[in-house]
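[1] this is the structure alone, sequence omitted:
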Ligand code: SAH
C-alpha cells in the first residue's frame, strides 16, 4: 500500500506545486506515493457555487460552510477510509518530526485547506478533523501548510530519499539540532574546514559533531535542550 494524499482546497492548481520537484516529485513519478487535489467548490449547494458565508455573531471576513465542506470530505473518503482527516489550522497542534514519521507509516491523509477566516467549527467536530499547525503565524490559506506537511512526510517514505542514512542525524531526529556541514573547497575566503573533519578519524569526527550539535541546541533552542536533557537523564535512571 502506498501513501495516498487527498487534498481538499479551493485552489487545486496549487498542487503538486513544489512537491512535483526533486525527491518528492521523483517519488510521485515512481508511484511511491500519490496525490489528488479536489475542488471544494464542486460540492457547493447553490447555483452560485458559494462555499463561504459571513461569520455568525458578526466580524470581518467569511467562513467556510460546514455543509459544503462535509460533502467534500465525504466524497473524498468513505466512512471506512482509514486515513486520518487533517485540517490545516493555526489553532492546531504544532507539526513535529514525530507526527510526520507516524503519518508516513500510515495509509495517507485527507487534508483540508482552510481559507478566509477559517472553517465552521461544526464540521471540525462532526468529521473529527485533526487540526495541525505549521507554526505560530497566520497564512492566508491552508495550501502552503499542506505542502509543508506533505513534504515533511513524503521524504520519510521508504525509497523517496536516496540515502536514508542522511536522515538519522538530522535536526529533530536525535532530539538535537544537526551539527554544521562543510564541503569543498577546503578554503573559502580565508575560512577553512575544521581540521578534525579532514582527519579521517571517525571517532573524533563523531565526537566533534556531537559536541557541536549539543552546543548549537543549547544556544538556539533551550526548549529542545531541556527536553533532550530530561530524556537522557531518564534513560540513565
Ligand atoms: N482566523 C483564523 C486564521 C484563518 S487563516 C485564526 O485566527 O485562527 C486561513 C486558513 O489558513 C486557515 O483556516 C488554515 O487552513 C490556514 N492557516 C493559516 N495559518 C496556518 C498555520 N499556521 N498552520 C496551518 N494552517 C494555517
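    In hand now; what should we look at? Since the structure is predicted, the reported quantities are computational estimates derived from the model, not experimental observations. Numbers count the residues shown, from 1 in each chain.
[2] CA only for contacts and neighbour counts going forward, please
    OK.
[3] now do the contacts for the closest residue in space to residue 32 that isn't next to it in sequence.
    Closest residue in space to residue 32, ignoring its immediate chain neighbours: residue 2 at 6.0 Å, by CA to CA, 6 or more residues apart in numbering. Counting by CA atoms under 8 Å, 6 or more residues apart in numbering, residue 2 makes contact with 31, 32, 33, 34, 107, 108.
[4] can you get me a residue count around the first one?
    Think residue 31. A total of 13 residues lie near residue 31 under the criterion other CA atoms under 10 Å.
[5] which residue is the nearest non-sequential neighbour of it?
    That would be residue 2: by CA to CA, 6+ apart, it lies 7.6 Å from residue 31.
[6] any idea how far the one you found is from residue 100?
    16 Å (CA to CA, to the nearest Å).
[7] after the helix or strand of the chain with the lowest mean pLDDT, which helix or strand is next?
    Counting by mean pLDDT, DSSP states H and E, the chain has its least confident helix or strand at helix 165-168, which shows a mean of 68. Beyond helix 165-168 on the C-terminal side, the first helix or strand identified by DSSP states H and E is strand 187-188.
[8] how near is the residue of the chain most remote from its centre to the ligand?
    Using CA atoms, centre = their mean, the residue of the chain lying farthest from its centre is residue 190. It sits 38.4 Å away. Separation of residue 190 from the ligand (CA to the nearest ligand atom, to the nearest Å): 41 Å.
[9] pull the longest helix from the chain.
    Determined from DSSP state H, the single longest helix within the chain is helix 202-220.
[10] for it, which outside residues touch it?
    Where contact means CA under 8 Å, 6+ apart, the residues beyond helix 202-220 that reach it are 176, 177, 178, 179, 180, 196, 197, 199, 224, 225.
[11] is the longest strand belonging to the chain anywhere near the ligand?
    Longest strand in the chain by number of residues, with DSSP state E as the criterion: strand 85-94. Yes. Interface with the ligand: strand 85-94 contributes 88, 89, 90, 91 (CA under 6 Å from any ligand atom).
[12] pretty sure the second one is touching residue 132, no?
    When you say that, I think you mean residue 89. Yes. Residue 89 is in contact with residue 132 according to CA atoms under 8 Å; the separation is 5.6 Å.
[13] so for the two, which sits in the more crowded spot?
    residue 89 (26 against 22).
[14] for that one, which non-adjacent residue is closest in space?
    residue 133 (5.1 Å).
[15] returning to that earlier point: now for the contacts of helix 202-220: which two are most distant?
    199 and 224 (30.7 Å; CA to CA).
[16] who's more crowded, those two?
    Higher neighbour count among residue 199 and residue 224: residue 224, with 15 against 10, using other CA under 10 Å.
[17] can you list the residues of this structure near the ligand?
    Close to the ligand, as judged by CA under 6 Å from any ligand atom, the chain has residues 88-91, 113-119, 133-142, 145.
[18] list buried residues within the residues you listed.
    88-90, 113-115, 117-119, 133-134, 141-142, 145 (16 or more other CA atoms under 10 Å).
[19] would you list those in a markdown table and tack on secondary structure?
    Conversion of those to a markdown table gives the following (DSSP: H, G, I helix; E, B strand; the rest coil):
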| residue | secondary structure |
| --- | --- |
| 88 | strand |
| 89 | strand |
| 90 | strand |
| 113 | coil |
| 114 | coil |
| 115 | coil |
| 117 | coil |
| 118 | coil |
| 119 | strand |
| 133 | strand |
| 134 | coil |
| 141 | coil |
| 142 | coil |
| 145 | helix |
